[in-house]
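S.K.: okay, predicted coordinates and the sequence, questions at the end:
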Amino acid sequence: MLKEHFDWLEYLPLDREDFEAAAELGFRLARHGNTMKTVDLLIGHLAFKHRIPLLHDDKDFERLALDIPIQILIPE
């Protein structure tokens, strides 16, 4: 039943380089006093890599958008 709600989503492939890029992004943020969960770093990196707008309701992504050029959409 839950699977049906997600069938319309496009799945993006992950490879080792994506994990490495997300880790590097997390390290850069940490040097400036910002931390993010690993899964959020991966999501942010994939949004940047694939130029996909990121719909969220999470302040972490707003801080991330100051570091990398991702388009963020905030629900009303």
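M.R.: The structure has been received and is ready for your questions.
S.K.: and the helix ranked longest in the chain, average pLDDT?
M.R.: What stands out as the longest helix in the chain, according to DSSP state H, is helix 16-31. Averaged over helix 16-31, pLDDT sits at 94.
S.K.: helices or strands up against the helix or strand just after it?
M.R.: Sequence-wise, the next helix or strand downstream of helix 16-31 (DSSP states H and E) is helix 38-49. The helices and strands touching helix 38-49, judged by 3 or more CB pairs under 8 Å, 6 or more residues apart in numbering; DSSP states H and E, are helix 16-31, strand 54-55, helix 59-67. C-betas here are computed from N, CA, C, even on glycine.
S.K.: mind listing what's buried in helix 38-49?
M.R.: Burial within helix 38-49, assessed by neighbour count using 16 or more other CB atoms under 10 Å, is assigned to 40-48.
S.K.: hmm, back to that, nearest to residue 5, of the helices and strands packed on helix 38-49?
M.R.: Comparing those against residue 5 with CB to CB, the closest turns out to be strand 54-55 (15.1 Å).
S.K.: extract the CA atoms of stretch 23-37 and return them as PDB.
M.R.: The C-alpha trace of stretch 23-37 is given here as PDB (Å, rounded to 0.1, in the frame of the first residue of the first chain):
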ATOM      1  CA  ALA A  23      30.900  13.400   2.700                       C
ATOM      2  CA  GLU A  24      33.100  16.200   1.300                       C
ATOM      3  CA  LEU A  25      30.100  18.500   1.400                       C
ATOM      4  CA  GLY A  26      29.500  17.600   5.000                       C
ATOM      5  CA  PHE A  27      33.200  18.200   5.900                       C
ATOM      6  CA  ARG A  28      33.000  21.700   4.200                       C
ATOM      7  CA  LEU A  29      29.900  22.500   6.200                       C
ATOM      8  CA  ALA A  30      31.300  21.300   9.500                       C
ATOM      9  CA  ARG A  31      34.400  23.600   9.000                       C
ATOM     10  CA  HIS A  32      31.900  26.500   9.100                       C
ATOM     11  CA  GLY A  33      30.100  25.100  12.200                       C
ATOM     12  CA  ASN A  34      27.200  23.500  10.300                       C
ATOM     13  CA  THR A  35      26.300  19.800  10.500                       C
ATOM     14  CA  MET A  36      23.800  17.800   8.600                       C
ATOM     15  CA  LYS A  37      22.600  14.200   8.700                       C
END
